[in-house]
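Undergrad: quick one: sequence and predicted model below, then my questions.
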Amino acid sequence: MFKRSEKVAEAIHEEVSSLLIKGIKDPRIGFITLTGVKVTDDLRLATIYFTIVGSDKEKTDTEAGLNSAKGYIRREIGKSLKMRYTPDILFKHDDSLEYGNHIEKILHEIHETEDDSA
């Protein structure tokens, strides 16, 4: 059985994805992928996780662009979800993909050194 917060998180994920495709014109926001949304049980805070391929400056610029569009995004979520209270939004960079790539690179290097020594 789904909790209400999970359903709201899924709806927010869909709405923000749609807004990023067609609604937000901030040039700082690059090619971004939403990796998840978590909403607190009291529906007061939505943490939106994103990842972006690029330099640290591009990541910083994208996060700044998202934060400046927070009010617009929240307003559009409120219209779409028709909730009494629209959750506050917090954007967080999700570095799990980068971490996974780093671990994969280390494992590949270990595997290569084992092959060389054998």
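TA: Looks like it came in fine.

Undergrad: give me the three-state assignment for G30.
TA: coil (DSSP: H, G, I helix; E, B strand; the rest coil).

Undergrad: wouldn't it be in contact with T62 here?
TA: Yes - in this structure, G30 is within contact of T62 by Cβ atoms under 8 Å, at 5.2 Å. C-betas here are computed from N, CA, C, even on glycine.

Undergrad: more neighbours, those two?
TA: Set G30 next to T62 and count neighbours by other Cβ atoms under 10 Å: T62 wins out with 22 against 15.

Undergrad: and that one, what are its phi and psi?
TA: The phi and psi values for T62, taken as degrees, to the nearest 10, are phi -60, psi -40.

Undergrad: can you check the pLDDT for it?
TA: If you check T62, the pLDDT there is 88.

Undergrad: who's in contact with it?
TA: By Cβ atoms under 8 Å, 6 or more residues apart in numbering, the contact list for T62 reads R28, I29, G30, I32, F50, I52, G54.

Undergrad: 6 Å - rerun?
TA: I29, G30, I32, I52 (Cβ atoms under 6 Å, 6 or more residues apart in numbering).

Undergrad: which of the residues you listed has the most neighbours?
TA: I32 (22 neighbours).

Undergrad: quick one on the thing from earlier: which residues do G30 and T62 both contact?
TA: Contacts common to G30 and T62, judged by Cβ under 6 Å, 6+ apart, are I52.

Undergrad: what's across from the residue positioned nearest the centre of the chain in the sheet?
TA: Central residue of the chain (Cα atoms, centre = their mean): F50, 2.1 Å from the mean position. Using DSSP bridges, the beta-bridge partners of F50 come out as L34, H93.
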